[in-house]
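Trainee: Sequence isn't available, so here's the structure alone:
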């Protein structure tokens, strides 16, 4: 099983998410749980589309980390 990092951002009315390693693979939702469900489906459809088009499936290369800051 391959794991892709996703970025979840808060918008004015909902959440949105994208996969840095899969340009164009995005989704929206109201909750993090909904984003995770939607993104799982979006990634699968995106990868299936790449395979059907004979394109190479990108390997995940994005890493994530959190840095604490004393300034808020």
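Mentor: Yes, it's here. Just so it is clear, the structure is predicted and the values come from calculations on it, not from any experiment.

Trainee: Quick one: low-confidence residue ranges for the protein.
Mentor: 72 (pLDDT under 70).

Trainee: Quick one: the strands in it, in order.
Mentor: Per DSSP state E, the chain carries strands over the ranges 7-10, 15-18, 26-29.

Trainee: For residue 66, find the nearest of those strands.
Mentor: Closest to residue 66 of these is strand 7-10 (C-beta to C-beta; 12.4 Å). (Each C-beta comes from the backbone N, C-alpha and C, glycine too.)

Trainee: circling back: would you mind putting the strands of the chain into TSV with distance to residue 36 and mean neighbour count alongside?
Mentor: As requested, the strands of the chain are exported to TSV (distance: least, C-beta to C-beta, whole Å; neighbours: other C-beta atoms under 10 Å):
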stretch	distance to residue 36	mean neighbour count
strand 7-10	9	11
strand 15-18	8	17
strand 26-29	8	17
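
Trainee: Excluding chain neighbours, give the residue nearest to residue 32 in space.
Mentor: residue 8 (6.5 Å; C-beta to C-beta, 6 or more residues apart in numbering).

Trainee: Am I right that the one you found is in contact with residue 31?
Mentor: No: applying C-beta atoms under 8 Å as the test, residue 8 and residue 31 come out as separate, 10.3 Å apart.
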